[in-house]
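A.B. asks: need a structure here:
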Amino acid sequence: MSRNSFRDYFDQIDQLLEAYPDVYVENYNATILSSERANLKLRLRFYFQYLLSISEALVVVDDQITAIDYRYHFQDGQNNLVFRYDNTPHFPNLSSFPHHKHLVDRVIACGQPNIAMVIQDAIAFIGSNDIN
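C.D. replies: Modelled structure (predicted):
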C-alpha cells in the first residue's frame with residue numbers, strides 16, 4: 001500500500017467536511033509517517049459552541065486502512081461531555097471490548113464508528129436539543 005492510500009483517506013475526510021457547511025474546522029492535522037502509518041487530528045466546531053475532537057492512529061492491515069487507536073470526543077459549549085467513542089482497553093466486561101461509547105452517565109458497548117457516523121451522531125444530538 002502506498003502513501004497515496006492515506007492521501008485518498010484524507011481526501012475522503014475533506015469531502016465529508018465540505019458536506020457540512022455549519023461545521024467549522026478549527027484544526028486539521030493529517031500526518032503520513034510512512035506507507036504503513038499515519039495520524040489524524042481534527043477539531044470541529046458546530047454552531048461555534050459544540051466541539052468534536054477526533055484523533056486516529058492509522059495503520060495498513062491487509063491492504064486496508066485501520067484505526068488502531070481512536071478517540072471521537074464530543075462536548076457542549078460548557079466543555080461538558082456529550083459522548084466519546086474510543087478503544088482504550090478499560091472496560092473488559094463490555095461485549096464490544098475494547099470499543100465503547102461514553103455517555104454522560106454510563107458507558108455502553110458499541111462497534112468502532114467511522115468519522116461520518118460520529119458527525120451524524122453529533123448533528124442528531126444538536127438537532128434534538130434545538131440548537132441552531
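
A.B. asks: use CA for all of it now, contacts and neighbours both
C.D. replies: OK.

A.B. asks: Look up how far Asn39 lies from the nearest residue to Gly77 once chain neighbours are set aside.
C.D. replies: Distance criterion Cα to Cα, 6 or more residues apart in numbering; nearest residue to Gly77, sequence neighbours excluded, is Gln49 at 4.5 Å. The gap separating Gln49 from Asn39 is 25 Å, by Cα to Cα, to the nearest Å.

A.B. asks: Look at those two and report which has more neighbours.
C.D. replies: Asn39 (18 against 14; other Cα atoms under 10 Å).

A.B. asks: which stretch of helix or strand covers the more buried one?
C.D. replies: According to DSSP states H and E, Asn39 maps onto strand 37-46.

A.B. asks: if we look at that strand, which residues are touching it?
C.D. replies: 6, 22-33, 51-60 (Cα atoms under 8 Å, 6 or more residues apart in numbering).

A.B. asks: which of those count as buried?
C.D. replies: 6, 23-24, 30-32, 51-60 (16 or more other Cα atoms under 10 Å).

A.B. asks: So which of those residues are in strands?
C.D. replies: Cross-referencing the buried ones among the contacts of strand 37-46 against strands under DSSP state E gives 23-24, 30-32, 51-60.

A.B. asks: in the protein, which spans are helices?
C.D. replies: In the chain, the helices defined using DSSP state H lie at 3-18, 115-128.

A.B. asks: which stretch among those comes nearest Ser95?
C.D. replies: helix 115-128 (20.3 Å; Cα to Cα).

A.B. asks: what residues does the closest one touch?
C.D. replies: Outside helix 115-128, the residues that reach it (Cα under 8 Å, 6+ apart) are Ile13, Leu16, Leu52, Tyr72, Phe74.

A.B. asks: Of these, which is the nearest to Ile108?
C.D. replies: Distances from Ile108 to those, taken by Cα to Cα, are shortest for Tyr72, at 14.6 Å.
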